[in-house]
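S.K.: let me see the structure of the following:
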Amino acid sequence: MSHLWLRCRLIGIVLSLALAATAVEVSAHGGDPTLIHGCVNNASGVARIVGPSDGCRASETAVDWSITGPTGPQGPSGPTGAQGVQGPTGATGPQGDPGVGLNPLQIAILRWYEANLTTAFAVGIGPAGVAFDGMHIWVANSGSNTVTKLRASDGTCNGVADPPGSDVSACSFAVGGNPGGVAFDGANIWVTNLNSHTVTKLRASDGTCNGVANPPGSDVSACSFAVALTPFGIAFDGANLWVARFGSNAVTKLRASDGANLGSFAVGVKPVGVAFDGANIWVTNDESHTVTKLRASDGANLGSFAVGTRPHGVAFDGANIWVANTNSDTVTKLRASDGANLGSFAAGDAPEGLAFDGANIWTANLAGDSVTKLRASDGACAGAANPPGSDVSACSFAVGDSPHEIAFDGASVWVTNGNSATVSKR
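M.R.: Now for the predicted structure:
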């Protein structure tokens with residue numbers, strides 16, 4: 001009897017436990033991991049957190065909460081982070097239209113507007129080449145065998161007023177025979193002497209020859225350097241002087257520091273003008289009707305390019321080479337990078353000298369007693385299209401008799417008048 005009782009008792013205990021277990025797990029949560037699951041005691045209100053698949057007891061109520069609450073208000077901005085690494089440079093955009101641009105020096109002297117304010121100053125006989133040294137204008141006087149130095153701000157000679165006809169011996173210095181071209185190297189003035197077949201180097205600060213006073217008539221052999229026949233145009237490349245030898249169909253390269261001859265290089269027939277574009281030397285060939293491009297570093301010939309008839313003056317505008325064609329009454333624009341012809345434009349009567357003022361090309365018109373101003377971006381005359389043969393009176397201005405060469409001083413252009421013994425400032 002005792003065994004039967006014990007067996008019945010055990011069966012009763014197992015059944016009771018099974019029923020109890022069934023009573024605990026009365027409420028399940030479904031296993032959703034995106035919610036917080038809890039069970040709240042119905043009597044005490046005490047809550048407990050359970051797993052996603054756990055159930056609540058019979059005495060509890062299942063509750064769920066979203067893990068993500070409602071969006072709160074935006075907080076204040078945090079401090080700016082450190083700048084990142086600069087990205088690669090983007091592609092170059094198309095070139096914009098030419099700007100008007102105002103020259104600060106012209107504004108300072110109330111000359112930013114268009115007006116003919118030409119003034120003339122005395123120089124020597126037969127003025128030819130002209131150059132600006134940053135403060136003064138230097139003029140080669142072919143009939144006086146001198147160069148004259150005038151203050152660019154007012155045209156005075158050693159501070160003395162200098163109207164046409166004045167004696168300029170106080171501000172003139174000896175050079176060689178029949179001087180023509182003039183160039184400035186940052187400290188010195190270089191002058192080509194056609195009849196002496198030399199180039200003379202004078203100190204720009206005082207006109208001395210090797211530090212020795214150098215009034216008109218002085219011997220300048222100590223500061224002159226021999227070149228071959230008929231040196232004419234001259235240009236400085238930052239370290240050397242390049243001289244066009246009209247009678248030799250070549251150019252000579254002289255070292256600026258000591259005048260040493262670094263070589264001669266063939267160009268076209270009767271070379272006249274010389275210009276530097278930052279890497280190359282350009283030479284106009286009067287009887288070849290071409291310009292020759294030489295690499296400045298070694299004189300290598302990079303090609304010759306056809307222009308108009310009897311090319312003379314040459315100038316660089318930062319991207320292009322401009323050539324004055326004396327017998328064509330035109331100027332030709334060549335792309336400096338490859339010599340491509342970008343067009344020819346009307347100029348005055350027999351243009352010789354050329355200068356660039358930062359926005360415009362100026363030509364000195366030998367037979368027209370005038371200068372012509374063309375827009376460098378497109379060769380326009382007073383804003384109007386200007387093909388060869390056009391009337392350029394709207395963009396031309398009177399100067400002296402037989403203007404030869406022209407230079408820009410940052411505010412004004414200076415023109416040598418060969419038969420007037422003057423320079424005009426406009």
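S.K.: with adjacent residues omitted, what lies nearest to the most centrally placed residue in the chain?
M.R.: In the chain, the residue lying closest to the centroid (Cα atoms, centre = their mean) is G318, at 5.9 Å. Spatially, and ignoring its direct neighbours in sequence, G318 is nearest to F356 (7.8 Å; Cβ to Cβ, 6 or more residues apart in numbering). C-beta coordinates here come from the backbone N, C-alpha and C atoms, glycine included.
S.K.: the one you found and F316 touch, don't they?
M.R.: Yes - counting by Cβ atoms under 8 Å, F316 is a contact partner of F356 at 6.9 Å.
S.K.: which residues do these two both contact?
M.R.: Counting by Cβ atoms under 8 Å, 6 or more residues apart in numbering, the common neighbours of F356 and F316 are W322.
S.K.: what does the model give P127 for pLDDT?
M.R.: What the model reports as pLDDT for P127 is 98.
S.K.: whoops, S44 was the one
M.R.: 84.
S.K.: how close does it sit to D298?
M.R.: 102 Å (Cβ to Cβ, to the nearest Å).
S.K.: what's the answer for D64, then?
M.R.: From D64 to D298 the distance is 87 Å (Cβ to Cβ).
S.K.: which stretches of the protein form helices?
M.R.: Counting by DSSP state H, the chain has helices at residues 2-24, 104-108.
S.K.: could you tell me the least trusted of those helices?
M.R.: Among those, helix 2-24 carries the lowest mean pLDDT, a mean of 41.
S.K.: quick check: phi and psi at A187.
M.R.: phi -140, psi -20 (degrees, to the nearest 10).
S.K.: low pLDDT regions in the stretch 251-400 of the chain?
M.R.: Within the stretch 251-400 of the chain, not a single segment meets pLDDT under 70.
S.K.: typo on my end, the stretch 1-150 of the chain
M.R.: Residues of the stretch 1-150 of the chain that meet the cut-off, pLDDT under 70, sit at 1-30, 69, 93-117.
S.K.: can you show me the strands along it?
M.R.: Remark: strands assigned in the stretch 1-150 of the chain by DSSP state E, counting those that start in this stretch are 27-28, 35-41, 47-50, 55-56, 60-66, 119-122, 127-132, 136-141, 146-151.
S.K.: nearest to G418, out of those strands?
M.R.: Closest of the strands of the stretch 1-150 of the chain to G418 is strand 127-132, at 6.2 Å (criterion: Cβ to Cβ).
S.K.: now do that closest one: everything it contacts.
M.R.: By Cβ under 8 Å, 6+ apart, the list of residues contacting strand 127-132 from outside reads 137-142, 148, 152, 179-184, 189, 191-192, 234, 353, 404-410, 414-418, 421-423.
S.K.: would you mind writing the CA trace of it as CSV?
M.R.: Extracted C-alpha coordinates of strand 127-132, given in CSV (Å, rounded to 0.1, in the frame of the first residue of the first chain):
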residue,chain,number,x,y,z
PRO,A,127,65.5,110.4,-82.6
ALA,A,128,65.0,106.7,-83.4
GLY,A,129,64.8,104.0,-80.6
VAL,A,130,63.2,104.5,-77.3
ALA,A,131,63.0,102.6,-74.0
PHE,A,132,61.6,103.0,-70.5
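S.K.: among the contacts of strand 127-132, name the ones in strands.
M.R.: Counting by DSSP state E, the contacts of strand 127-132 place 137-141, 148, 179-184, 189, 191-192, 234, 353, 404-408, 414-417, 422-423 in strands.
S.K.: next one: I49 relative to N417, how far apart?
M.R.: The gap separating I49 from N417 is 105 Å, by Cβ to Cβ.
S.K.: of the two, which one has the most company?
M.R.: N417 (22 against 10; other Cβ atoms under 10 Å).
S.K.: not counting its neighbours along the chain, what's nearest that one?
M.R.: G400 (2.7 Å).
S.K.: tally of neighbours for that neighbour?
M.R.: 21.
S.K.: so it touches A120, yeah?
M.R.: Yes - contact criterion Cβ under 8 Å: G400 and A120 qualify, at 6.0 Å.
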